[in-house]
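> just coords:
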Ligand SMILES: [Zn+2]
């Protein structure tokens with residue numbers, strides 16, 4: 001099957017994960033694509049392809065004759081799409097990009113200048129109608145892995161060691177590896193295919209924490225409120241004003257960390273704030289968490305004990321410390337891309353990746369590109385040229401000595 005057809009088939013499944021659900025997968029709809037991929041792999045000839053009770057799909061491609069002693073390599077992609085943008089009834093359009101802004105609809109376009117579209121000139125792109133995301137994150141990765149497997153099955157003369165593939169649910173809500181069956185995934189190392197443009201390989205990510213701030217006030221009739229009312233909204237506002245104004249996602253890049261206020265709701269009595277804290281540097285990351293606690297204790301001194309209650313939870317850590325001792329995994333991928341004439345460089349991810357969590361669980365796992373852009377947005381698109389190159393890159397990586 002051609003990769004475009006495969007990719008569009010995956011895109012036709014609605015697999016938006018749901019952060020408010022406790023189940024796994026978080027949305028039962030994710031199971032439909034999982035079942036489909038498991039069946040597809042079986043149909044291609046991977047006899048052990050299976051979907052487990054949590055909606056994870058696993059399969060293995062045995063080593064070519066004489067290659068049984070080679071390292072077992074894992075390839076991983078996630079099947080869910082981000083809840084940040086609608087992911088149902090996705091209408092796609094494929095065209096050759098010749099320059100200029102990309103018009104998605106009467107009211108939505110992708111600015112050539114703002115989104116650096118020059119890079120894609122001459123390439124075949126797939127976009128949406130501007131009302132949904134595309135789901136190249138990460139269905140492009142999934143389609144590339146399956147297409148690479150299909151290629152290897154059709155070309156037995158291309159020799160490789162044993163390859164394990166896995167497709168996970170709920171990556172977008174941070175739970176993609178929670179129930180990953182590592183015991184039955186005995187790869188020496190693996191790659192997630194969950195990155196963007198074909199110029200970066202990622203083995204450094206943020207250290208990440210989520211932070212919930214509850215501000216407790218005291219309400220009373222405004223007419224009798226003098227020296228009595230403690231308005232939690234105003235105190236929450238005071239808390240937010242203590243966060244460094246230049247250290248937000250909108251003002252940082254590269255290795256710069258940030259505080260991000262994601263949600264706030266409340267009334268006079270109680271206001272809650274949901275935040276995330278990110279930094280590549282572990283010490284700075286710890287300092288950021290401490291700063292939030294410090295701001296809370298300052299306000300508690302001012303307004304009374306337990307006015308501001310902070311709950312912090314670490315989400316994931318920078319996988320760099322786990323990859324540095326085995327950089328040959330990163331070098332192998334870089335060499336494969338270079339052989340295909342693609343210049344690729346390690347780039348720090350300003351986010352997380354399933355690979356980070358897997359690396360900390362003992363499976364070193366850098367992240368490879370997939371050819372998509374503008375993830376989690378209705379402006380998401382994918383380069384078909386890049387997807388085709390990625391099949392070649394995967395084949396190169398698993399067949400190198
Ligand atoms: Zn992704």
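All right, it came through fine. No experiment lies behind these values; they were computed from the predicted model shown. Numbering: from 1, shown residues only.
> would you say residue 313 is within a strand?
Yes - per DSSP: H, G, I helix; E, B strand; the rest coil, residue 313 lies within a strand segment.
> where do the helices sit along this structure?
3-11, 30-44, 136-154, 232-241, 282-303, 320-323, 328-339, 354-360, 384-399 (DSSP state H).
> now the ones you listed as JSON lines including mean pLDDT and distance to residue 177?
All C-beta atoms are positioned from the backbone trio N, CA, C, and that covers glycine. Formatted as JSON lines, the helices of the chain follow (pLDDT from 0 to 100; distance: least, Cβ to Cβ, whole Å):
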{"stretch": "helix 3-11", "mean pLDDT": "98", "distance to residue 177": "20"}
{"stretch": "helix 30-44", "mean pLDDT": "98", "distance to residue 177": "15"}
{"stretch": "helix 136-154", "mean pLDDT": "98", "distance to residue 177": "13"}
{"stretch": "helix 232-241", "mean pLDDT": "98", "distance to residue 177": "32"}
{"stretch": "helix 282-303", "mean pLDDT": "98", "distance to residue 177": "20"}
{"stretch": "helix 320-323", "mean pLDDT": "94", "distance to residue 177": "13"}
{"stretch": "helix 328-339", "mean pLDDT": "97", "distance to residue 177": "18"}
{"stretch": "helix 354-360", "mean pLDDT": "92", "distance to residue 177": "4"}
{"stretch": "helix 384-399", "mean pLDDT": "98", "distance to residue 177": "21"}
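> now the ones you listed as CSV including distance to residue 69 and mean neighbour count?
Below are the helices of the chain laid out as CSV (distance: least, Cβ to Cβ, whole Å; neighbours: other Cβ atoms under 10 Å):
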stretch, distance to residue 69, mean neighbour count
helix 3-11, 31, 20
helix 30-44, 25, 19
helix 136-154, 18, 25
helix 232-241, 58, 18
helix 282-303, 37, 15
helix 320-323, 24, 18
helix 328-339, 17, 17
helix 354-360, 24, 26
helix 384-399, 15, 22
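> got these as TSV, with distance to residue 226 columns?
Compiled in TSV, the helices of the chain are given as follows (distance: least, Cβ to Cβ, whole Å):
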stretch	distance to residue 226
helix 3-11	60
helix 30-44	54
helix 136-154	53
helix 232-241	15
helix 282-303	16
helix 320-323	55
helix 328-339	64
helix 354-360	52
helix 384-399	64
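> which of those sits closest to the ion?
Nearest to the ion, of all the helices of the chain, is helix 136-154, at 4.0 Å by Cβ to the ion.
> which residue would be the closest one in the stretch 251-400 of the chain to the ion?
Relative to the ion, the nearest point of the stretch 251-400 of the chain is residue 375 (6.5 Å; Cβ to the ion).
> surely that residue meets residue 139?
No - counting by Cβ atoms under 8 Å, residue 375 does not reach residue 139; the two are 11.4 Å apart.
> quick check: chain neighbours aside, which residue is closest to the residue of the stretch 251-400 of the chain closest to the ion?
Once flanking residues are discounted, residue 375 sits nearest to residue 137: 4.0 Å by Cβ to Cβ, 6 or more residues apart in numbering.
> contact partners for the residue nearest the centre of the chain?
Centroid-nearest residue in the chain: residue 353, 5.2 Å away (criterion: Cα atoms, centre = their mean). Neighbouring residues of residue 353 by Cβ atoms under 8 Å, 6 or more residues apart in numbering: 192, 194, 202, 205, 319, 367.
> columns distance to the ion on top of the helices of the chain, output as JSON lines?
Shown next, in JSON lines, are these (distance: least, Cβ to the ion, whole Å):
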{"stretch": "helix 3-11", "distance to the ion": "13"}
{"stretch": "helix 30-44", "distance to the ion": "14"}
{"stretch": "helix 136-154", "distance to the ion": "4"}
{"stretch": "helix 232-241", "distance to the ion": "29"}
{"stretch": "helix 282-303", "distance to the ion": "22"}
{"stretch": "helix 320-323", "distance to the ion": "19"}
{"stretch": "helix 328-339", "distance to the ion": "18"}
{"stretch": "helix 354-360", "distance to the ion": "8"}
{"stretch": "helix 384-399", "distance to the ion": "14"}
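> so which of those comes closest to residue 92?
Nearest of the helices of the chain to residue 92, taken as Cβ to Cβ: helix 3-11 at 6.3 Å.
> helices and strands around that closest one, which ones?
Of the remaining helices and strands, those touching helix 3-11 by 3 or more Cβ pairs under 8 Å, 6 or more residues apart in numbering; DSSP states H and E are helix 30-44, strand 92-96, strand 124-128, helix 136-154, helix 384-399.
> mind doing that once more with 7 Å?
helix 136-154, helix 384-399 (3 or more Cβ pairs under 7 Å, 6 or more residues apart in numbering; DSSP states H and E).
> distance between the longest one and the chain's centre?
For helix 136-154, the separation from the chain centroid amounts to 17 Å (computed by Cα atoms, centre = their mean, to the nearest Å).
> please list the residues of this structure that sit near the ion.
137-138, 194 (Cβ under 5 Å from the ion).
> what's the distance between residue 181 and residue 230?
50 Å (Cβ to Cβ, to the nearest Å).
> need the nearest residue in space to residue 29, chain neighbours excluded.
residue 14 (5.3 Å).
> go ahead and confirm that neighbour touches residue 88.
Yes - Residue 14 is within contact range of residue 88, at 4.4 Å (criterion: Cβ atoms under 7 Å).
> ok, these two, which is more surrounded?
residue 14 (18 against 12; other Cβ atoms under 10 Å).
> so who does that one touch?
Counting by Cβ atoms under 7 Å, 6 or more residues apart in numbering, residue 14 makes contact with 29, 87-88.
> ok, the residues you listed vs the ion, which is closest?
Proximity of the contacts of residue 14 to the ion (Cβ to the ion) peaks at residue 87, which lies at 12.5 Å.
> can you tell me the closest non-neighbouring residue to the residue of the stretch 151-300 of the chain found nearest the ion?
Nearest residue of the stretch 151-300 of the chain to the ion: residue 194, at 4.2 Å (Cβ to the ion). Closest residue in space to residue 194, ignoring its immediate chain neighbours: residue 138 at 4.8 Å, by Cβ to Cβ, 6+ apart.
> hang on, the earlier thing: just flag the most distant two among the contacts of residue 353.
194 and 319 (12.9 Å).
> for the ion, see how far away residue 107 is.
27 Å (Cβ to the ion, to the nearest Å).
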